[in-house]
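S.K.: One predicted model, sequence on top.
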Amino acid sequence: MARFQAPRGTRDLLPIEKTAFSRLESIAADLAERYGYQPIETPLFEQSEVFERGVGGVTDVVEKELFRVQAGRGDEERERWALRPEPTAGIVRAYLQHGMQTWPQPVRLATFGPMFRYDRPQAGRFRQFWQFDVEAIGDPGPAVDAEIIDLARRFYLDSGLAEPRLLLNSIGDAACRPAYVADLAAYYRRHEARLPAIERNRLERNPLRLLDSKEPVMLELNAAAPSIGERLCGPCAEHFAGVTAHLDTIGIASTIEPRLVRGLDYYTRTTFEFVPQDAHGQQSAIGGGGRYDGLVELLGGRPTPGIGFGIGIDRLILALTEQGVVAPSLPHPTAVVVGADPSDTATRLVIATELRAAGVSARADLAVRKLSRQLEGAARDGAHFAVICGDELDAGQVQLRDLEAGTQRVVARADLGRELLRAAKSHRHG
RNA sequence: GUGGCCUUAGCUCAAUCGGCAGAGCAUUGGAAUGUGGAUCCAAAGGUUGCGGGUUCGAGGCCCGCAGGCCACCCCA
């Protein structure tokens, strides 16, 4: 056992895993650009208040899971910082700080990076996890909700995932949700004697969460509980109808899930979540989001609507693995430069440098070991070619060996770069 | 934060009732001094997660801690 280990809930992305991550990051960047979402990157930490106000002070994410940062000597810093548990609050902070209200609305932004929550780790749940995140700030209409959902779905499909299930709900707004929550709480209080202890606690903190309970007694109670769908105010109901209509128009199927309650305070109206078709286990949500029409105001701006989603990259990779989507292979050099004289590492280095200058992906075998070992290393590295340096170099030539075909020929050192570029190109196309 | 199961070499796992810590794969070297993923031989690799206890003797039993997994909680 190594003396030092990655902190609990974090992990090292080894080359094969980092390659899979990079592939998804690249797909995300392409997709954002194709949809007209501009890249942005905000700090990994913010003043704690950004999250306390934005995400909500009584949420678990802020109350229990915030990674608070201790910096400097403590006494000289009046500000308190925290690692970001989610990307939206920081992006909205940037929106206000840089006056994006004066940009054409909505402002469409996309980012990709790590988030931090001090949670108890589990499969699919980490203290540092990655999200691909997209936000559209400044458009109140239901069409942009559909656009965002379409973008999210497209990302899953482009990554190779089978069509995921879309769970959709509306949780109302400041006009209708408080009354609904009060009715809901009153309903449960009438049955308080039957509530398990944990549910009584939830009743005080967040009555909406009772709808999502896994307690057997609750299934019966929930069936008779008032439903948000029939309590939406006129504008919210109209908005939700607009979202489903737009989704229908662009051919995206969804499941209305009245119990879909999200854990961050800033959500209003539309909330949604994606789950893999073959989902099992509790950490099954591979992404979710919703509308946050009150968030900009919470952070000190004029009332401004917004909507966004975050996709959990770690969980998406788990889902892809379960579905048998092949992981991308490690990158490998086109050529490895080996030599007949084990100790002559300098010649190998020079030839490899020439090849790189010519644009060829090449590495030299720099170990002092005999030729057969060098060739073995080249083959195991997945290189297509080995460049063998020997006595032929006196005549300005090397052996160019095709490791896949098992053939080789003599090539002039001066032509080597061109030859390899041409061969690598035809190999890719063939 | 709560409960359950687990932790032996880089990886996957053995080790009878408490009695000399092992194998396969991977790594390195040799067989083979200028020709590769095969084969054979060998080497190297360990505070058995950490700390304490019981015992003549602990990888195996007891206690604590850490980490992983599972469920809860929460969420991506």
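M.R.: Yes, it's here. Numbers count the residues shown, from 1 in each chain, chains lettered A, B, ... in the order given.
S.K.: residue contacts, residue A:200?
M.R.: residue A:192 (C-beta atoms under 8 Å, 6 or more residues apart in numbering). C-betas here are computed from N, CA, C, even on glycine.
S.K.: and it, what helix or strand is that in?
M.R.: helix A:197-205 (DSSP states H and E).
S.K.: Name the residues that touch the helix or strand following that helix?
M.R.: The C-terminal neighbour of helix A:197-205 among helices and strands, as given by DSSP H and E, is helix A:216-224. Helix A:216-224 has contacts (C-beta under 8 Å, 6+ apart) with A:188, A:191, A:194, A:195, A:196, A:199, A:210, A:211, A:213, A:259.
S.K.: ok, now with 6 Å
M.R.: A:191, A:194, A:211 (C-beta atoms under 6 Å, 6 or more residues apart in numbering).
S.K.: same thing with stretch A:387-404?
M.R.: So stretch A:387-404 is in contact with A:335, A:337-340, A:347, A:351, A:379, A:386, A:408-413, going by C-beta under 6 Å, 6+ apart.
S.K.: In ChimeraX, select just the buried ones from these.
M.R.: The ChimeraX command for the buried members of the contacts of stretch A:387-404 (criterion: 16 or more other C-beta atoms under 10 Å) is given here:
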select /A:335,337,338,339,340,347,351,386,411,413
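S.K.: So which of the contacts of stretch A:387-404 are in helices?
M.R.: Among the contacts of stretch A:387-404, DSSP state H puts A:347, A:351, A:379 in helices.
S.K.: just those residues that are near RNA strand B?
M.R.: Subset of the ones in helices among the contacts of stretch A:387-404 in contact with RNA strand B: residue A:379, counting by C-beta under 7 Å from any atom of the strand.
S.K.: And the lengthiest helix in chain A, how far out from the chain middle?
M.R.: The longest helix of chain A (DSSP H) is helix A:15-35. Put simply, helix A:15-35 sits 9 Å off its chain's centre (C-alpha atoms, centre = their mean, to the nearest Å).
S.K.: Next: stretch A:341-350.
M.R.: Computed by C-alpha atoms, centre = their mean, the separation of stretch A:341-350 from the middle of its chain amounts to 44 Å.
S.K.: quick one: average pLDDT of that stretch?
M.R.: Averaging pLDDT along stretch A:341-350 gives 91.
S.K.: And for stretch A:214-225?
M.R.: Mean predicted confidence for stretch A:214-225 is 78.
S.K.: State the distance from residue A:227 to RNA strand B.
M.R.: 19 Å (C-beta to the nearest atom of the strand, to the nearest Å).
S.K.: Show residues contacting the longest helix of chain A.
M.R.: Residues from elsewhere that reach helix A:15-35 (C-beta under 6 Å, 6+ apart): A:13, A:110, A:112, A:132, A:151, A:155, A:158-159, A:313, A:317, A:327-328, A:330.
S.K.: Point me to the residue of the stretch 301-430 of chain A nearest RNA strand B.
M.R.: Distances between the stretch 301-430 of chain A and RNA strand B by C-beta to the nearest atom of the strand are smallest at residue A:390, namely 2.5 Å.
S.K.: re the thing from before, the helix holding residue A:200 to helix A:216-224, inter-axis angle?
M.R.: Orientation check (axes from the mean of the first three to the mean of the last three C-alpha atoms, to 10 degrees): helix A:197-205 against helix A:216-224 gives 40 degrees.
S.K.: Name the residues of stretch A:9-16 that are buried.
M.R.: Going by 16+ other C-beta under 10 Å, stretch A:9-16 has these buried residues: residue A:9.
S.K.: give the contact list for whichever residue of the stretch 1-150 of chain A sits closest to RNA strand B.
M.R.: In the stretch 1-150 of chain A, no residue comes nearer to RNA strand B than residue A:123, which is 2.4 Å away by C-beta to the nearest atom of the strand. Residues counted as contacts of residue A:123 (C-beta under 6 Å, 6+ apart): none.
S.K.: ok, now how distant is it from residue A:61?
M.R.: 20 Å (C-beta to C-beta, to the nearest Å).
S.K.: Mind splitting chain A into its structural domains?
M.R.: Structural domains annotated on chain A: A:15-176+A:232-322, A:335-429, as defined by automatic domain parsing.
S.K.: deepest of those domains, which one?
M.R.: Of all these, domain A:15-176+A:232-322 carries the top mean neighbour count, a mean of 18, counting by mean count of other C-beta atoms under 10 Å.
S.K.: any idea which helix or strand carries the residue positioned nearest the centre of chain A?
M.R.: Geometric centre of chain A, nearest residue: residue A:131, 2.7 Å, by C-alpha atoms, centre = their mean. Assigned by DSSP H and E, residue A:131 belongs to strand A:128-137.
S.K.: Which residues does that strand contact?
M.R.: A:10, A:28, A:37, A:87, A:91, A:95, A:106-112, A:114-116, A:144, A:306-311, A:313-314.
S.K.: and the stretch 51-200 of chain A, which of its residues are near RNA strand B?
M.R.: A:59-61, A:65, A:86, A:117, A:119-127, A:129, A:131, A:198.
S.K.: let's see it at 6 Å
M.R.: Residues of the stretch 51-200 of chain A lying close to RNA strand B (C-beta under 6 Å from any atom of the strand) are A:59-61, A:86, A:117, A:119-123, A:125-126, A:129, A:131, A:198.
S.K.: So residue A:358 is in contact with residue A:415, correct?
M.R.: No: taking contacts as C-beta atoms under 6 Å, residue A:358 lies outside contact range of residue A:415: 10.1 Å.
S.K.: just checking, residue A:115 is part of a strand?
M.R.: Yes: applying DSSP: H, G, I helix; E, B strand; the rest coil, one finds residue A:115 inside a strand.
S.K.: show me what contacts it?
M.R.: Here residue A:115 is in contact with A:84, A:85, A:86, A:129, A:131 (criterion: C-beta under 6 Å, 6+ apart).
S.K.: hey, what's the last one bridged with?
M.R.: In this entry, residue A:131 is beta-bridged to residue A:113, residue A:312, by DSSP bridges.
S.K.: what's in contact with the helix or strand following the longest helix of chain A?
M.R.: From helix A:15-35 onward toward the C-terminus, using DSSP H and E, the following helix or strand is strand A:38-39. Under the contact criterion C-beta under 6 Å, 6+ apart, strand A:38-39 has outside partners A:109, A:110.
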